[in-house]
Every structure is written in C-alpha cells, then in structure tokens.
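Asks: With the sequence up front, the predicted model follows.
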Amino acid sequence: MKNIIFIAPHAAGKGTISEMIENRFNLPHISIGDLLRDEIAHMTKLGLEVKDIMARGDFVPDEVIAKLLKKRLSSKDVKKGYILDGYPGNLSQAKDYDKLLEELSFDMGKVIYLNIDKETALKRTMSRVICPKCGATYNTSTPDLSPVREGICDNCDSKLVVRSDDNEETFKVRFDNYMKETYPLIEYYKNKNNLIEIDASKSPNEIFEEIKKVIK
Ligand SMILES: [Zn+2]
C-alpha cells in the first residue's frame, strides 16, 4: 500500500508535491477539512455534531476526527493507498492514527518530512501570488512555479495578487504552532523507522524525483 502522510510546515510545498504524487500514482487525496465539510453538508449524525462544535468556535475533538477518518479509509478506493492531508497534526492524533491502521490492517506507509528552515519558509510565503479569477497559485521564489509573464496568470491572463493571510505575522503564528504541535512527530516516526526526510528548499521537481524513488 502507498499510504502517505506529511510532516511539513507552512510553505514547505506540501500542496504542490502531494498533487504531483496523486497524479503520478493515481492516489486519492484525503483532507480532514474536506471530510468535515462533507459530513456537515450531508447532515449525518456526526456532521450535525461537528457543526455544533464548530458553531461554538471549538476545535473538533480528536476522537471525532478519528471516527471520520476510519469511515473514509474503509472505502474501496484507498486499497492501493492514499495521501492524507493535514493529519496527524499532533502526537495524540498520531497515536489515534496508529490504532486506526491496526484496526484496518493497513501498513504504516510512508511519512514524508519536508524539512525547511523558518527563513526560507517565510521567504516563500511572502513570494506567493494567486490568480483571483481561476485560483492558480504561483511562487516567484522558485523558477518552476513562477508565471511565464511577471504578475500575469498563465491560464487566464488575470493580474496576480498576494493572498491576505500570506503576511509575516500570520506566518509566524502558524510556524510557531507547527513547532509546538507537529514537530514532535518527527521524533515519533524516527523511532518507528519510517520517516523520510526531504530537503524542501529544493525545487518541486527535485523533491518529487526523490519521493518517487522511495514510494515506488
Ligand atoms: Zn488565472
């Protein structure tokens, strides 16, 4: 099975890389945010519960997320593997995930750690631009991800803009939160011997080449 989870701070390139893996290996992309939204939209029992929790402004408890994930990982399309996005985000979720894998008789798969230092991540965040019309994302810090014409969308010729939450302050809050909650997972998976560390300051194509070798 090609089960893949990521440990990656903001701006490490997780979105781009996971899309490349999905397309190349034809794996479903499972995002916890999407699962929550789906459940709410379908007004399931769990969905209504989640809606209440979110309406109160509380975090969705780990056990609810684990339940949702179990449901999703029980479907047929994940038999070959999947990419899990945004989970586990902390040690308690990592332990839930271990239990879940055991219950489903899935193997541990690969844990891809996209290692990037704070300065490089900040620089990347500040050089990200998006197309307000078609949603395409570009990053002028990497030639691979830059638009062909400066400031203009390759797809639809619209003028590119900076996303409002791509500022230094938001970045710092996110990065510090990552260091506190998610970073300890590196030790956790290192001890289990299935951490794959990748230098995420490289270009997306170089990163993808490295990952391809490991998950083949
Ligand atoms: Zn566009």
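Replies: It's in. Remember, it's a predicted structure, so these values are computed and weren't measured experimentally. Numbering: from 1, shown residues only.

Asks: can you tell me how far residue 147 sits from the ion?
Replies: 9 Å (CB to the ion, to the nearest Å). Backbone N, C-alpha and C define where each C-beta goes, glycine included.

Asks: hmm, I was thinking of residue 28
Replies: Using CB to the ion, we find residue 28 at a distance of 26 Å from the ion.

Asks: swap in residue 160?
Replies: Relative to the ion, and taking CB to the ion, residue 160 is found at 8 Å.

Asks: Look at that residue and say how many residues are nearby.
Replies: 21 (other CB atoms under 10 Å).

Asks: just checking, residue 121 touches residue 174?
Replies: No. Using CB atoms under 8 Å, residue 121 makes no contact with residue 174, being 9.3 Å away.

Asks: Could you check which of the two is surrounded by more residues?
Replies: Between residue 121 and residue 174, counting by other CB under 10 Å, residue 121 is the more crowded of the two (23 against 16).

Asks: now could you export just the CA positions of stretch 202-216 as CSV?
Replies: What follows is stretch 202-216, C-alpha atoms only, in CSV (Å, rounded to 0.1, in the frame of the first residue of the first chain):
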residue,chain,number,x,y,z
LYS,A,202,14.9,22.2,-3.4
SER,A,203,12.6,22.8,-6.3
PRO,A,204,9.3,20.8,-6.5
ASN,A,205,10.6,18.7,-9.4
GLU,A,206,13.8,17.7,-7.5
ILE,A,207,11.7,16.9,-4.4
PHE,A,208,9.3,14.8,-6.4
GLU,A,209,12.2,12.8,-8.0
GLU,A,210,13.4,11.9,-4.5
ILE,A,211,10.0,10.9,-3.3
LYS,A,212,9.3,8.8,-6.4
LYS,A,213,12.3,6.7,-5.6
VAL,A,214,11.1,6.0,-2.1
ILE,A,215,7.5,5.2,-2.9
LYS,A,216,7.9,3.1,-6.0
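
Asks: quick one: it to chain centroid distance?
Replies: 16 Å (CA atoms, centre = their mean, to the nearest Å).

Asks: any idea of the mean pLDDT for that stretch?
Replies: The average pLDDT within stretch 202-216 is 90.

Asks: heads up, I number from 10, so please use that
Replies: OK, 10 is where the count begins now, so the last one is stretch 211-225.

Asks: Go ahead and name everything in contact with it.
Replies: 11, 13, 22, 25-26, 29-30, 33-34, 119, 121, 123, 151-154, 205, 207-209 (CB atoms under 8 Å, 6 or more residues apart in numbering).

Asks: ok, now with 7 Å
Replies: 11, 13, 22, 25-26, 29-30, 119, 121, 151, 153-154, 205, 207, 209 (CB atoms under 7 Å, 6 or more residues apart in numbering).

Asks: So which of these are in strands?
Replies: 11, 13, 119, 121, 205, 207 (DSSP state E).

Asks: so what's the third one scoring on pLDDT?
Replies: pLDDT, the model's per-residue confidence, is 92 for residue 119.

Asks: doesn't residue 206 make contact with it?
Replies: No. Contact criterion CB atoms under 7 Å: residue 119 and residue 206 do not qualify, at 11.4 Å.

Asks: okay, these two: which has more neighbours?
Replies: Under the criterion of other CB under 10 Å, the comparison of residue 119 against residue 206 puts residue 119 first, with 21 against 15.
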